[in-house]
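**Q** Let's see this in three dimensions:
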Amino acid sequence: MATLVLGAGIGAGAVLALGGGAPTGAKAGYPVEEQPCPPPTANPRPSLRAPAAGAARTAGEPPSWVGRVTSGQEILSGSDVVLPVLSPVTEGDALVVTVMLTSSCPGPVTVTDTQGDTFRIVGDETDTARHRTLVLAAFDAHPLGTADSLHATYPHASKYHIAVDEFRGIRAAVGTAGAHGETGGTAFSTGSTRLDCEAGDLMVGAVGTNTGSAPTFTAEWTALPMLQLSSYRLTTAYRVVPAAQTCAATGTTTAQWAAAAVVFR
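**A** Next comes the predicted model:
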C-alpha cells in the first residue's frame, strides 16, 4: 500500500502518515460515499470484561481525566492513520480512543501504539449514512513519550476523526450501549439499551454527527475538545457516576447522529 507522508493534519495533532485504499469493485471517478462496500463483514463485538483482580476502587479516589494525548481529523479517503503522541502518558493509566468514520463500511477497526499496548473495541455504532462511531480502550498502559505514536486501521472512509484521551483509575470496560438517529430531531440518547452503573463508575460518551447543531451533552457531563471537519463532528464527554443508577449518554442535537456510551470501572 502506498503511504502519503504529510507535514500536518487539520486541527490538533500532526498526521505523520496516511494510507490509501478502496473497496473491491470501486467505481472510478465516484466519491467515496458512493462507493460500494465489499462483501459484508460483521463488526467485531465490543470486548467487555470484569476488572482485574486487585483492581478494587480505593475510597476517595474517583476516576479522572488526565488529558488529551493526541487527535487528528482529515478529509481524505484512506484506511489507516498514524498520530504522534503530543502529551506523555503515565505508566498504568488507561487510554480511551474515540473515532468517527464517514461513509465507512463494516469491518475491523484496530489501534496499536509503539509500546505494544492492546486496544479493544468497547463501543461501536453506525448510522444509516454509514457514519460509524467507536470507542476503543487500553488499560494499564505503558509509558508513552513524544517519540511514540498510535496507528489506527479501519475500512475505507472519506473522513476520519480520532481522539485519544488518558484516564486514571479505571481497569475495565463493563458495559456499553449505542443508538443512532436522523437529521431533524432535537436530542440524542443511548437510553434504548439498558446500561447499569455503580457509584464511582466512569462513563465515556462519543457522538458522531453530520449537519445540524453541534451535540451538547446534559449538564452532568464534562465535554472534551470537539473535532470538526465542515459539518462533521466528533464530540466526546465523560462523567463520574455519583450513585448506582441506569445510565445513558444523552444530550441535544438536530444533526444525524450515532452515539456510543461505555461504562468503565
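**Q** use CA for all of it now, contacts and neighbours both
**A** Will do.
**Q** Which elements pack onto whatever helix or strand Ala259 lives in?
**A** Assigned by DSSP states H and E, Ala259 falls within strand 256-264. Strand 256-264 makes packing contacts with strand 120-126, strand 132-138, strand 173-181, strand 187-189, strand 202-210 when contacts are defined by 3 or more CA pairs under 8 Å, 6 or more residues apart in numbering; DSSP states H and E.
**Q** For Pro63, find the nearest of these.
**A** When the helices and strands packed on strand 256-264 are compared by CA to CA, strand 202-210 sits nearest Pro63, at 6.3 Å.
**Q** That closest one pairs with which strands, parallel or anti?
**A** Sheet pairing of strand 202-210 (DSSP bridges) gives strand 232-240 (antiparallel), strand 256-264 (antiparallel).
**Q** Can you say which of these is nearest to Ser189?
**A** That would be strand 256-264 among those, by CA to CA, at 7.4 Å.
**Q** Let's test this: mean pLDDT of the closest one, rounded?
**A** Averaging pLDDT along strand 256-264 yields 98.
**Q** what's the offset of that strand from the middle of its chain?
**A** 9 Å (CA atoms, centre = their mean, to the nearest Å).
**Q** same question, stretch 67-79
**A** Distance, centroid of stretch 67-79 to centroid of chain: 11 Å (CA atoms, centre = their mean).
**Q** got the angle between the strand holding Ala259 and strand 120-126?
**A** 160 degrees (axes from the mean of the first three to the mean of the last three CA atoms, to 10 degrees).
**Q** now strand 256-264 against strand 132-138, angle please.
**A** Using the same axes, to 10 degrees, strand 256-264 lies at 20 degrees relative to strand 132-138.
**Q** still on that earlier bit, can you say which of the helices and strands packed on strand 256-264 is packed in most?
**A** Highest mean neighbour count among those (mean count of other CA atoms under 10 Å): strand 202-210, with a mean of 28.
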